[in-house]
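J.: Okay, here's the prediction I keep looking at, along with the sequence it came from:
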Protein chains: 2
Amino acid sequence: MPAENLAKAPLRLGIAGLGTVGMGVIKIVQEKADLLALRTGRDVVISAVSARSKSKDRGFDLSGYAWEDDPVALAKRGDVDVFVELMGGDSGPAKTATEAALALGKDVVTANKALLAHHGQALAETAEANGAVLRFEAAVAGGIPVIKALTEGLAGNGITRIMGVMNGTCNYILTRMQATGQGYNALFDECARLGYLEADPQLDVGGIDAGHKLSLLASVAFGTKVNFAAVELEGIERISNDDIAHAADMGYKIKLLGVTQMSGRGLEQRMTPCLVPDTSPLGQLDGGTNMVVLEGDEVGQIVLRGAGAGMGPTASAVMSDILDIARGTRISTFGQPAATLVDAIPAVAATPAPYYLRLALIDKPGAMAKITSALGDAGVSIDQMRQYGQTDDADVAPVLIVTDPTPRSGLDAAIETMQATGVLVSDPVAIRIETV
Amino acid sequence: MPAENLAKAPLRLGIAGLGTVGMGVIKIVQEKADLLALRTGRDVVISAVSARSKSKDRGFDLSGYAWEDDPVALAKRGDVDVFVELMGGDSGPAKTATEAALALGKDVVTANKALLAHHGQALAETAEANGAVLRFEAAVAGGIPVIKALTEGLAGNGITRIMGVMNGTCNYILTRMQATGQGYNALFDECARLGYLEADPQLDVGGIDAGHKLSLLASVAFGTKVNFAAVELEGIERISNDDIAHAADMGYKIKLLGVTQMSGRGLEQRMTPCLVPDTSPLGQLDGGTNMVVLEGDEVGQIVLRGAGAGMGPTASAVMSDILDIARGTRISTFGQPAATLVDAIPAVAATPAPYYLRLALIDKPGAMAKITSALGDAGVSIDQMRQYGQTDDADVAPVLIVTDPTPRSGLDAAIETMQATGVLVSDPVAIRIETV
């Protein structure tokens, strides 16, 4: 190694949280010390760690590191240059300790999407006021270096749209529903048994976790303050095997898809079930893998795919931020100074899109005419329509419609009219088709 | 913008080469000045430009920039902080001007894969000796930020393998051969007419251009000196529609695939036609799009997909390097100091793999037994075998074999034995199947 690199002081980490990710980081720092020094020009070392239980056997030798019961004390240690926050939680010790580190001008690397989705703006301001950087690659899409791709790799682009499948558990459930015909509830129970669900399952199946990630991507993409509260959230609980099968028939797959774009309508942020073409990269994404699609006005469409969770992938992302700091790279948390981020005006309505519509139609003469009239009167054109043979319920005809692109308000008006005519035997199912 | 950012001096570019990419960079600098300043904290401006023809109308106003006929003079100008080399060519003015800039400690951003594949080590050493950075995101896979993903995003990983489809023209030809049944020659002529081919078409269809890119990825991945001369190169000229159709029958697509990996055998670098499963991301990549698959020991498999060429995508990648420099990011050319890059020992043999084997078998009793004996004697197991009905040539039976993973030497020994027995009416076709 050249002499000028040897002269650089080691970068000293304090790691708070010794769960899967924390231990993954420790493993890399221990096992790859030489490689990391070669790549960054300095040693990366661990000074101290903190977790709830000191006595738990974690399978790695931690005896060389100082122990702190209190993560705030860890953050404040004189021998800690970078506070690595891997505790989780959108408040409590994760927040307090992060604030304490930033206030002292220490850099912070975190994997905590909930913390940043709720307090990202304030934390970024604190960081910059104190000359610190706050980075969160691991908070979005696990091992995929998507924050780096967006903030740095595509920095010469105006971002036009981002789409992402960013909750592996939801994509696993939807994939298995299609592959096996099992229902949502059975697969939810399977995920619970396998340990795939967060302690609060709504974080997964309700789309909250993925919504947190989307709100962070939106901020970086559009230079807006994180606004998780404005994310339109809808989980996968109401997706039926019927809809999955009908969508497949028409060439689509159903995904819990995050979409954010900025238009004259304002900032759109949705984390909702959508149909995507089954031949598209998003449509072909099966199982627990994550995918993020970045669209820039110069680069066109960039697709990134990889593991969204797990020890190695998440630790890889945490290390990316740590090694950036070791190399002297200093990027603002959201890609531009926090003070320059603007309040986003939430879009009053989503960009028009085609919709998938499933209707249970009463099997009587004139019923179909009432449906098509309702759509026509609301200005909604039909792209494809299929009527299936009668179901077991002898008087009900299932009808599937794919509309041309339409504002959601037009579709809602048509649905209201249909319901008023009394030709529907149950509530219609309407799912947005995202053009990818 | 905060006062501390306004205080930063503008970053002044000198752009040599005003073709598609150069004009794409000028367009971004002109049209996105405010956005770039917001993201980097300083103005990014153009001081001077250089090209072969000053009088050519390029559709953009260049009157605000000084003109230099000589790119070396441009590189040496006092008002140029970053020399942006977009001329191309592995020697001549591109090399001379790059050396001149680096010798003066000026940073260089280039899109020139040929220059770096041949002189990357010497140029990186010159850069580092003079405190300059030399970056080349645009040289590999166009708009895909793959060098950044590898050098920075995956810096905590030991890289185990990289695969890439990195020549859009070749992938376009192979895709069209499959979709239309047209032969290689007709599609080559179509590409020539459409302007998809380099002036020397061997750069495209011979795999040289993609091989340059692979050699750069290998250096970054494995910390080795660029060794383009050791890349095993085979173009797509000999791929037949028969092989494409037979491969499809067995669930594969044929791609011009770059593969680099480091093993006990040494450094493998191949840019050759390969079969990949048609359900894999690489198998699903149709047309002119690029894809790079990065495999790390922590992160697993990361797939990156996007436009590999074109004005906007390539300029986007050039801007990524320029904006890194504007932000103060300083990364070694190949991800670690040039002096620490080691000579790679080229692998004496490729990692064992399954192979696709197409044989034209004389239609006589015992012929098949001779084939299977030849394979068995060489230690090659058969995974799948298909014999098709006779072709127009009444005495020839086409036989397809997919082997189990085998060293190439075993396969070659078996083929030699088969040929000696006289049961083959033409040379066998053997294509590696890359496990993805």
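T.: Arrived safely. Numbering: from 1, shown residues only, chains lettered A, B, ... in the order given.

J.: count of neighbours near residue A:95?
T.: Residue A:95: 20 surrounding residues under other CB atoms under 10 Å in any protein chain shown. Every residue, glycine included, has its C-beta placed from N, CA and C.

J.: Which residue ranges of the stretch 101-250 of chain A form strands?
T.: Secondary structure of the stretch 101-250 of chain A (DSSP state E, counting those that start in this stretch): strands located at A:107-110, A:134-135, A:159-165, A:232-233.

J.: Between these, which one is closest to chain B.
T.: strand A:159-165 (10.3 Å; CB to the nearest CB).

J.: and that closest one, C-alpha only, in CSV?
T.: Only the C-alpha atoms of strand A:159-165 are listed here, as CSV (Å, rounded to 0.1, in the frame of the first residue of the first chain):
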residue,chain,number,x,y,z
ILE,A,159,-36.0,11.4,-12.6
THR,A,160,-39.3,10.8,-14.2
ARG,A,161,-40.6,7.8,-12.3
ILE,A,162,-39.5,5.1,-9.9
MET,A,163,-41.2,1.7,-9.5
GLY,A,164,-40.3,-1.0,-7.1
VAL,A,165,-41.1,-4.3,-5.7
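
J.: how far does that strand sit from the chain's center?
T.: 11 Å (CA atoms, centre = their mean, to the nearest Å).

J.: Now tabulate the strands of the stretch 101-250 of chain A in CSV and tack on distance to chain B and mean neighbour count.
T.: Output for the strands of the stretch 101-250 of chain A, formatted as CSV (distance: least, CB to the nearest CB, whole Å; neighbours: other CB atoms under 10 Å in any protein chain shown):
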stretch, distance to chain B, mean neighbour count
strand A:107-110, 12, 27
strand A:134-135, 12, 27
strand A:159-165, 10, 23
strand A:232-233, 27, 16
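
J.: Show me the one of these that comes nearest residue B:273.
T.: strand A:159-165 (31.9 Å; CB to CB).

J.: Could you name the helices and strands sitting against that closest one?
T.: Where contact means 3 or more CB pairs under 8 Å, 6 or more residues apart in numbering or on different chains; DSSP states H and E, strand A:159-165 is packed against helix A:208-222, strand A:252-263, strand A:289-296.

J.: Reformat the strands of the stretch 101-250 of chain A as TSV; add mean pLDDT and distance to residue A:173.
T.: Converted to TSV, the strands of the stretch 101-250 of chain A look like this (pLDDT from 0 to 100; distance: least, CB to CB, whole Å):
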stretch	mean pLDDT	distance to residue A:173
strand A:107-110	98	28
strand A:134-135	98	31
strand A:159-165	98	12
strand A:232-233	96	17
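
J.: Format those strands as CSV; extra columns: distance to residue A:434.
T.: What follows is these, written out as CSV (distance: least, CB to CB, whole Å):
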stretch, distance to residue A:434
strand A:107-110, 30
strand A:134-135, 30
strand A:159-165, 7
strand A:232-233, 13
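
J.: what's the pLDDT at the residue of chain A most remote from its centre?
T.: Using CA atoms, centre = their mean, the residue of chain A lying farthest from its centre is residue A:365. It sits 46.6 Å away. Reported pLDDT at residue A:365 in the predicted model: 87.

J.: cool, residue A:390 as well?
T.: Model confidence at residue A:390 (pLDDT) stands at 65.

J.: Enumerate the residues of the stretch 101-250 of chain A near chain B.
T.: The stretch 101-250 of chain A comes close to chain B at residues A:128, A:137, A:143-145, A:148-149, A:152-158, A:223, as judged by CB under 8 Å from any CB of the partner chain.

J.: 7 Å instead, please
T.: A:143-145, A:148-149, A:152-158, A:223 (CB under 7 Å from any CB of the partner chain).

J.: picking up where we left off before, with mean pLDDT and mean neighbour count as extra columns, can I get the helices and strands packed on strand A:159-165 in a markdown table?
T.: Below are those laid out as a markdown table (pLDDT from 0 to 100; neighbours: other CB atoms under 10 Å in any protein chain shown):
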| stretch | mean pLDDT | mean neighbour count |
| --- | --- | --- |
| helix A:208-222 | 98 | 26 |
| strand A:252-263 | 96 | 24 |
| strand A:289-296 | 98 | 25 |
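
J.: so can I have TSV of the ones you listed showing distance to residue A:381?
T.: Compiled in TSV, the helices and strands packed on strand A:159-165 are given as follows (distance: least, CB to CB, whole Å):
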stretch	distance to residue A:381
helix A:208-222	30
strand A:252-263	18
strand A:289-296	26
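
J.: How is chain A partitioned into domains?
T.: Following automatic domain parsing, chain A resolves into domains at A:3-139, A:147-307, A:355-432.

J.: what does stretch A:107-119 rub up against?
T.: Residues from elsewhere that reach stretch A:107-119 (CB atoms under 7 Å, 6 or more residues apart in numbering or on different chains): A:21, A:81-86, A:88-90, A:94-95, A:98, A:101-102, A:123, A:132-136, A:138-140, A:209, A:212-213, A:215-216, A:226, A:228, A:314, A:318, A:321-322, A:325.

J.: how about the helices in the stretch 101-250 of chain A?
T.: A:113-129, A:146-148, A:168-180, A:184-194, A:202-205, A:208-222, A:241-249 (DSSP state H, counting those that start in this stretch).

J.: Of the ones you listed, which is nearest residue A:299?
T.: Closest among these, using CB to CB: helix A:208-222, at 12.8 Å.

J.: what about that closest one, distance to the chain center?
T.: Using CA atoms, centre = their mean, the offset of helix A:208-222 from its chain centre is 6 Å.

J.: just the CA coordinates of it, formatted as PDB?
T.: Presented in PDB, the C-alpha positions along helix A:208-222 are these (Å, rounded to 0.1, in the frame of the first residue of the first chain):
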ATOM      1  CA  ILE A 208     -46.000   0.000   5.300                       C
ATOM      2  CA  ASP A 209     -42.400  -1.200   5.200                       C
ATOM      3  CA  ALA A 210     -42.300  -0.900   1.400                       C
ATOM      4  CA  GLY A 211     -44.000   2.500   1.700                       C
ATOM      5  CA  HIS A 212     -41.300   3.700   4.000                       C
ATOM      6  CA  LYS A 213     -38.800   2.800   1.300                       C
ATOM      7  CA  LEU A 214     -40.800   4.400  -1.400                       C
ATOM      8  CA  SER A 215     -41.000   7.700   0.500                       C
ATOM      9  CA  LEU A 216     -37.200   7.800   0.800                       C
ATOM     10  CA  LEU A 217     -36.700   7.100  -2.900                       C
ATOM     11  CA  ALA A 218     -39.200   9.900  -3.700                       C
ATOM     12  CA  SER A 219     -37.200  12.400  -1.700                       C
ATOM     13  CA  VAL A 220     -33.900  11.500  -3.400                       C
ATOM     14  CA  ALA A 221     -35.500  11.500  -6.800                       C
ATOM     15  CA  PHE A 222     -37.400  14.700  -6.700                       C
END
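
J.: could you give the angle of it to helix A:113-129?
T.: Per axes from the mean of the first three to the mean of the last three CA atoms, to 10 degrees, the angle that helix A:208-222 makes with helix A:113-129 is 30 degrees.

J.: Run through the neighbouring helices and strands of helix A:208-222.
T.: Using 3 or more CB pairs under 7 Å, 6 or more residues apart in numbering or on different chains; DSSP states H and E, the elements in contact with helix A:208-222 are helix A:113-129, strand A:159-165, strand A:252-263, strand A:266-277.

J.: which of the residues in the longest one are buried?
T.: Within helix A:113-129, the residues that count as buried by 16 or more other CB atoms under 10 Å in any protein chain shown are A:113-121, A:123-128.

J.: follow-up on the earlier one: quick one: closest of the helices and strands packed on helix A:208-222 to residue A:28.
T.: helix A:113-129 (21.0 Å).

J.: Not counting sequence-adjacent ones, nearest residue to the closest residue to chain B within the stretch 1-150 of chain A?
T.: Chain B sits closest to residue A:145 of the stretch 1-150 of chain A, with a gap of 2.7 Å, by CB to the nearest CB. Closest residue to residue A:145 apart from its sequence neighbours, by CB to CB, 6 or more residues apart in numbering or on different chains: residue B:153 at 2.7 Å.

J.: Name the SS class of the residue farthest from the centre of chain A, please.
T.: Following DSSP: H, G, I helix; E, B strand; the rest coil, the label given to residue A:365 is coil.
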